[in-house]
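A.B. asks: what shape does this take:
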Amino acid sequence: MAENSATIISASEIEIAFGQQNILNKASLSIREGDRIGMVGRNGCGKSTFLKILAGLMEPDAGQVVRSKDLTFGYLSQEFTLDESKNVFDNVLSGAQYVLGLIKQFESLPAHSTRADDLEHRIAHLEGWTLDSRVKETMSHLNTPAGDRNIASLSGGEKRRVAMAKALVSHPDLLILDEPTNHLDPESIEWVVEFLLAYTGAFLVVTHDRYFLDRITTSIVEVSNGLMYSYEGNYTEYLLSKAERQSSEEKQEQSRQNFLRRELDWVRRGPKARTTKSKSRLDRYFDVAGKGPPPQDMEVDLVIPPPPPLGNRVVDLEGVGMTLGERKLFEKLSIKFGPGSKVGIAGRNGLGKTTLLKIILGQLAPTEGTVKIGDLTRFNYVDQSRLQLDEGKTVFEELGQGSEVVQFGDQKISVRAYLRRFLFPEDRIMAQVRHLSGGERSRLLLARILKNGGNFLILDEPTNDLDLPTLRVLEEALIGFGGSVLVVSHDRYFLDRVCTSMVVFEGDGEIAHSVGNYEYYLEKKTKADAQLRVLPERNSGGPKSKLASSNENAAAPRKLKFKEQQELAGMETAIHTAEKDLVRIEAIFASPDFYKQHEQHAQLQEELDSTKGKIAKLYARWEELEKLKA
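C.D. replies: Predicted coordinates for the structure are as follows:
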């Protein structure tokens, strides 16, 4: 946490309950200027509820929240709302309503008045004079739909990216972000990381993305059993500190039990005379016995039903390609999924990842190539949209679907026993779905889907809305699963733990198939890109005669000229600007309804090719100038 900095918001002794369930019990947290806090805890433990209380959208049953004067904050909730009467640009701009209000006040005041001067400085501090350009830049990096699109026409993922841009654009004193990486592709997540690393305000983030937490946070707050525990450091350091705390608590509990055993033996012997000293000893025994053991974290006992045997052929893709309208998503893709394979799929949104899954499942026919499915292959597909739950049914009814048992391999277990594996105690098993928390809904959906069995699991973004403890258990279950697994995810940590090979959509119809996890793919990609950047320089001048080469080698090295020094100084900015243009154009192509919205396909393609060529030349020139400088 930031040292010697002022507290901007403080929540003290917060209590809140839903029905008979206590969510927060005297939970307290203070946030200071510059704090970079990650909040973790099991789904349903009260994280999102606490964020709403901080944002002033919910009142606690007890406790208080104190905010500093003129505190501004941006808030991204899981259940965000957008104004469907406004287009995308205006919705994002509305996130800076506080700044817009200041500008409106400033414009209504006479020039050079004291209040106008104060407002001018405040607006400059909030970067309000460049608001429009900042809105466009944020939208570009987060890959939002075009600014003139209607909100009602957007998908859930597109709406979430708009809501994310709306939360970030005002540069408030405090950012409160609930699962900000959901539905963002790797490039967008990387931009959010860079944004937060450079952010001068404070932020509080709830996320299941462990790499994200490791990179951006300097402290972690864990919500457990209604209380909050603070740890210095990022997520990895939190795990180490928590393990030490639990070990210390276990030793204390062992000492407590040893004390109780000794004292109980003394009580049973029954001293003949109850002296003041013996009464005091007895009181101490009851006091220690009444404290009870430290609360234990409940763990999901997630076991995927044993798969039926697989044949030698699971799924073979041979020269598979897919074209939608005039847009070629991919071509000539050949992969063999073997028994027990764990394959990850990654890449930006809109490049065809889900389309590939549907081709494998037989829901879509490829425009080229063949898909051969083994006779013994049985799919179990976890869709991005998951299943719809019946709000009026109980958890038992929704999972059982009229049966009191679940087929588990060649055995049967009761619905209640199966649900207890997913952390549903008896009182929650008989609760109606409408009363479940977001985390409980996610666990119920996962339990319902996984009970279907199968020997080839296909999971499309399974990590969305799952808490970190459940994610860890799901990872272990998939690693130990005897069948084949194909998983689409933007969660690098999840891919690195589970997958032994990767299929990565790189854009422009290019797909890389790499043995190893996602981190290994990135290492190889970084090296390959570095080599490619050198090639344009080597080839830029075309073939040269031996005489020309000899003369160049013999020439004395020269220093950079003044104009070249200026050119080199501005090179990184020029490359960054060109790459932003490339991201913007690729985002237009990646839009699902691109070919319905845009008629100038050829013109955009020409602009795309031109921008790529420009970037290649800039990198080549940069290398050339750096060598001259050296």
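
A.B. asks: nearest the geometric middle of this structure, what residue?
C.D. replies: By C-alpha atoms, centre = their mean, the chain has its centre lying nearest to residue 181, at 3.2 Å.

A.B. asks: how about the helices in the stretch 101-250 of the chain?
C.D. replies: 114-125, 131-141, 156-168, 186-198, 210-216, 235-269 (DSSP state H, counting those that start in this stretch).

A.B. asks: residue 60 is nearest to which of these?
C.D. replies: helix 156-168 (22.8 Å; C-beta to C-beta). For the C-beta atoms, the positions are set from N, CA and C on the backbone; glycine is no exception.

A.B. asks: tell me what angle the closest one forms with helix 131-141.
C.D. replies: Angle between the axes of helix 156-168 and helix 131-141 is 140 degrees (criterion: axes from the mean of the first three to the mean of the last three C-alpha atoms, to 10 degrees).

A.B. asks: output the lowest mean pLDDT helix or strand found in the chain.
C.D. replies: When the helices and strands of the chain are scored by mean pLDDT, DSSP states H and E, helix 546-554 comes last with a mean of 39.

A.B. asks: where exactly do the helices run in the stretch 451-600 of the chain?
C.D. replies: For the stretch 451-600 of the chain, the helices defined by DSSP H, counting those that start in this stretch cover 468-480, 492-498, 518-539, 546-554, 562-569, 571-590, 594-597.

A.B. asks: any idea which of those helices scores lowest on pLDDT?
C.D. replies: Lowest mean pLDDT within those: helix 546-554, a mean of 39.

A.B. asks: hang on, the earlier thing: make TSV out of the helices of the stretch 101-250 of the chain and add mean neighbour count and distance to residue 488.
C.D. replies: Below are those laid out as TSV (neighbours: other C-beta atoms under 10 Å; distance: least, C-beta to C-beta, whole Å):
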stretch	mean neighbour count	distance to residue 488
helix 114-125	14	42
helix 131-141	18	22
helix 156-168	23	13
helix 186-198	17	12
helix 210-216	20	17
helix 235-269	13	23
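
A.B. asks: from residue 485, how far out is the nearest residue to the residue nearest to the centre of the chain once chain neighbours are set aside?
C.D. replies: Sequence neighbours aside, residue 209 is the residue nearest to residue 181 in space, at 4.6 Å (criterion: C-beta to C-beta, 6 or more residues apart in numbering). Taking C-beta to C-beta, to the nearest Å as the measure, residue 209 falls 20 Å from residue 485.

A.B. asks: ok, those two, which is more surrounded?
C.D. replies: residue 209 (28 against 21; other C-beta atoms under 10 Å).

A.B. asks: could I get the helices of the stretch 101-250 of the chain as CSV with mean pLDDT and distance to residue 355?
C.D. replies: Formatted as CSV, the helices of the stretch 101-250 of the chain follow (pLDDT from 0 to 100; distance: least, C-beta to C-beta, whole Å):
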stretch, mean pLDDT, distance to residue 355
helix 114-125, 82, 46
helix 131-141, 87, 25
helix 156-168, 85, 15
helix 186-198, 86, 18
helix 210-216, 91, 26
helix 235-269, 75, 33
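
A.B. asks: nearest to residue 47, out of these?
C.D. replies: helix 210-216 (13.2 Å).

A.B. asks: who does the closest one touch, helix- and strand-wise?
C.D. replies: The contact analysis (3 or more C-beta pairs under 8 Å, 6 or more residues apart in numbering; DSSP states H and E) places helix 210-216 against strand 36-40, helix 186-198, strand 202-206, helix 235-269, helix 492-498.

A.B. asks: wait, the residue nearest to the centre of the chain touches residue 207, no?
C.D. replies: Yes - with contacts counted by C-beta atoms under 8 Å, residue 181 reaches residue 207, the gap being 5.7 Å.

A.B. asks: ok, back up a step: just send the helices and strands packed on helix 210-216 back as JSON lines, with distance to residue 513 too.
C.D. replies: Putting the helices and strands packed on helix 210-216 into JSON lines (distance: least, C-beta to C-beta, whole Å) gives the following:
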{"stretch": "strand 36-40", "distance to residue 513": "34"}
{"stretch": "helix 186-198", "distance to residue 513": "17"}
{"stretch": "strand 202-206", "distance to residue 513": "34"}
{"stretch": "helix 235-269", "distance to residue 513": "30"}
{"stretch": "helix 492-498", "distance to residue 513": "14"}
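
A.B. asks: closest to residue 280 out of the ones you listed?
C.D. replies: Going by C-beta to C-beta, the one of these nearest residue 280 is helix 235-269, 11.9 Å.

A.B. asks: so that closest one versus strand 36-40, what angle?
C.D. replies: 50 degrees.

A.B. asks: and helix 235-269 with helix 468-480, angle?
C.D. replies: Using the same axes, to 10 degrees: helix 235-269 against helix 468-480 is 100 degrees.

A.B. asks: distance from the chain centre to helix 235-269, please.
C.D. replies: Computed by C-alpha atoms, centre = their mean, to the nearest Å, the chain-centroid distance of helix 235-269 equals 36 Å.

A.B. asks: what's the answer for stretch 399-410, then?
C.D. replies: Counting by C-alpha atoms, centre = their mean, stretch 399-410 is centred 33 Å from the centre of its parent chain.

A.B. asks: distance between the ends of that stretch?
C.D. replies: Stretch 399-410 has an end-to-end distance of 19 Å (criterion: C-alpha to C-alpha, to the nearest Å).

A.B. asks: re the thing from before, got a list of what the residue nearest to residue 181 touches?
C.D. replies: 181, 189, 491-493 (C-beta atoms under 8 Å, 6 or more residues apart in numbering).

A.B. asks: rerun at 10 Å
C.D. replies: 38, 179-182, 184, 189, 192-193, 215-216, 235, 463, 468, 471, 490-494 (C-beta atoms under 10 Å, 6 or more residues apart in numbering).

A.B. asks: quick check: the gap between it and residue 458.
C.D. replies: Residue 209 is 22 Å from residue 458, by C-beta to C-beta.

A.B. asks: now do residue 523
C.D. replies: Taking C-beta to C-beta, one finds residue 523 at 27 Å from residue 458.

A.B. asks: neighbour count winner among those two?
C.D. replies: Between residue 523 and residue 458, counted using other C-beta under 10 Å, the more crowded position is residue 458 (23 against 12).

A.B. asks: which strand residues bridge the more buried one?
C.D. replies: residue 381, residue 486 (DSSP bridges).

A.B. asks: and if you look at residue 346?
C.D. replies: Going by DSSP bridges, residue 346 forms beta bridges with residue 504.

A.B. asks: that one contacts residue 488, doesn't it?
C.D. replies: Yes - under the criterion of C-beta atoms under 10 Å, residue 346 is in contact with residue 488, at a separation of 7.6 Å.

A.B. asks: any common contacting residues for those two?
C.D. replies: Joint contacts of residue 346 and residue 488 (C-beta under 10 Å, 6+ apart) are 353, 495, 503, 505.

A.B. asks: now for those: which two are most distant?
C.D. replies: Largest pairwise distance in the shared contacts of residue 346 and residue 488, by C-beta to C-beta, is 13.5 Å, between 495 and 505.

A.B. asks: mutual contacts of these two, please.
C.D. replies: Contact criterion C-beta under 10 Å, 6+ apart; residues shared by residue 495 and residue 505: 345-346, 488.

A.B. asks: quick one: secondary structure of residue 624?
C.D. replies: Under DSSP: H, G, I helix; E, B strand; the rest coil, residue 624 falls in the helix class.
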